[in-house]
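Participant: no sequence for this one, just the structure:
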């Protein structure tokens, strides 16, 4: 359905920015397709990140609304999902819940990163060890992944920035 508007360019660019921004938070990320939304696509998700989505099928829209109604964390662009799968104007609006965090600003990767930080800070999602600066803000350009194996935590850091950067751990 995302191809309804500008052949999907706006949606795909927003997906890329959302992935870039959220990839620095230390969580495992995965994509959920529109078809997977209606199955068991949300069962193992701790936080649902919704980039700009101009169109969504009625079934997927209902599944996203049910996810929001279940008081689970959603990080989303503040734009509505105005069209259905055929490009017709939608008469319902995705409601906000207390666990909804809006991505503010210009739909940049930084804004998604800040929304994820807000979810950490409010305790909506577990704060996994990840690279932060001296003020405690998640560093852009430093990907972090941690795993527990035989009772020990192993941490993987990858600096994809052009320059070296001093970093600290958020937790752990």
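Facilitator: Good, I have the coordinates. Please read these numbers as outputs of a predicted model, since none were measured by experiment.
Participant: Now do the helices in this protein.
Facilitator: Using DSSP state H, the helices of the chain run over 9-22, 34-37, 58-69, 109-121.
Participant: And the third one, how far out from the chain middle?
Facilitator: The reference is to helix 58-69. Relative to the centre of its chain, helix 58-69 is centred 16 Å away, using C-alpha atoms, centre = their mean, to the nearest Å.
Participant: likewise the shortest one?
Facilitator: Taking the mean of its C-alpha atoms, helix 34-37 sits 16 Å from the chain's own mean (C-alpha atoms, centre = their mean).
Participant: who touches it?
Facilitator: With C-beta atoms under 8 Å, 6 or more residues apart in numbering as the test, helix 34-37 has contacts from 1, 2, 56, 57, 59, 60, 63, 64. Glycine gets a C-beta too; all of them are placed from N, C-alpha and C.
Participant: if you set the cut-off to 7 Å instead, what comes out?
Facilitator: Residues lying outside helix 34-37 but in contact with it, judged by C-beta atoms under 7 Å, 6 or more residues apart in numbering, are 1, 56, 57, 60, 63, 64.
Participant: Please report the distance of residue 44 from residue 65.
Facilitator: 19 Å (C-beta to C-beta, to the nearest Å).
Participant: quick one: which of the two has more around it?
Facilitator: residue 65 (15 against 8; other C-beta atoms under 10 Å).
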